[in-house]
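Peer 1: sequence first, then the predicted structure:
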Amino acid sequence: MARYRGPKAKIARRFKEPIFGPSKALEKKNYPPGMHGNARRRGKKSEYSMQLAEKQKAKYTYGVLEKQFARTFERAASKKGITGENLLKFLEARLDNTVFRLGIAPTRRSARQLVGHKHIRVNGVVTNIPSYQLRAGDVVEIREKSKSLELISDSLHARNSFSWLEWDADNFKGTFLNFPDRTEIPENIKEQLIVELYSK
C-alpha cells in the first residue's frame, strides 16, 4: 500500500497548502519548514524545480509512490486526450480516492486504511487494493459489518457531493458515474508542469 508515513504538517508547510486536510501548523507557520524557513530569501525557482515540486505535490495529495505515479502517467499518455487531464482523472478514479470523495472516510489516508482492512466492496466483491481503478457504473459500498464504524458515520455527516459520484445514503453505497472533467476536480495541481517534467 502506497503511503507517506512522515510528518504531515511539514509537507503542508513545504507547499503552503493543506495537502492532508486542515492544518493548524500551516496556519501558525505559513512558511517552509526548517531552521531558516521563515528568514531564508529564496531566489527565483528554476523551471525544473517548479515541475518537480508540482509532481511531488500530486504524489503526496493522492498518496501515490514514485513507480506507481510513473505507471499512471504512462497510461495517461497512451490514452487519447490531454495527458495532464487524463493523469488527474486516473488518480481520481482510484478506489481509495473515491472512498474519500464519497465521504466514507475523512481523509485519503483513512480511506486507504478502510480499503486495506476490507471494509469496502466494489460491485459486491470485497476489494482491498487502494489503487484499484474504477470504471463508469462501478458501485462502491460499505460492508454490512462496517456500517456502524464511528469513523465512517462521523465522516458521512460532513460529506461533500461531487458531480461524477452518486451516493445512496439509505444503502451506504455510491456509484462512480464517469471520469470527472478537469474543471470539476478541486485539487490545486498544475498538471501541465508534470507533463513537461516527464517529457524531458
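Peer 2: That came through, no problem. Numbering: from 1, shown residues only.
Peer 1: how is the chain partitioned into domains?
Peer 2: Domains of the chain are assigned by automatic domain parsing as 8-90+188-198, 94-178.
Peer 1: pLDDT-wise, which helix or strand of this structure ranks last?
Peer 2: helix 24-28 (a mean of 58; mean pLDDT, DSSP states H and E).
Peer 1: what about L197, neighbour count?
Peer 2: 17 (other CB atoms under 10 Å). All C-beta spots, glycine's among them, are computed from the backbone N, C-alpha and C.
Peer 1: let me know the helix or strand that it is in.
Peer 2: Element membership of L197 [criterion: DSSP states H and E] is helix 191-198.
Peer 1: tell me where the model's unsure across the chain.
Peer 2: 1-8, 10-16, 18-43 (pLDDT under 70).
Peer 1: from V99, how far out is the most centrally placed residue in it?
Peer 2: Nearest to the mean C-alpha position of the chain, by CA atoms, centre = their mean, lies Y62 at 2.9 Å. The spacing between Y62 and V99, counted by CB to CB, to the nearest Å, is 13 Å.
Peer 1: one more: T61?
Peer 2: For T61, the distance to V99 (CB to CB) stands at 15 Å.
Peer 1: I129 against V115, yeah?
Peer 2: Yes - counting by CB atoms under 8 Å, I129 does reach V115; the two are 7.2 Å apart.
Peer 1: please enumerate the shared neighbours of these two.
Peer 2: L95 (CB atoms under 8 Å, 6 or more residues apart in numbering).
Peer 1: for those two, indicate the residue with more neighbours.
Peer 2: Set side by side, I129 and V115 show more neighbours around V115, with 27 against 13, by other CB under 10 Å.
Peer 1: not counting its neighbours along the chain, what's nearest the more buried one?
Peer 2: Nearest non-adjacent residue to V115, counting by CB to CB, 6 or more residues apart in numbering: P130, 4.8 Å away.
Peer 1: again with E187
Peer 2: In space, and not counting its chain neighbours, E187 is closest to T61: 6.0 Å by CB to CB, 6+ apart.
Peer 1: so which helix or strand takes in the one you found?
Peer 2: helix 47-62.
Peer 1: list the buried residues in stretch 154-164.
Peer 2: 155-156, 159, 162, 164 (16 or more other CB atoms under 10 Å).
Peer 1: wait, I meant stretch 81-95
Peer 2: 83-95.
Peer 1: what comes into contact with it?
Peer 2: For stretch 81-95, contacts defined as CB under 8 Å, 6+ apart pick out 58, 62, 64, 72-73, 75-77, 79, 97-98, 101, 115, 120, 122, 127, 129-135, 140, 164, 176, 179-180, 182, 185, 187, 189, 191-192, 194-195.
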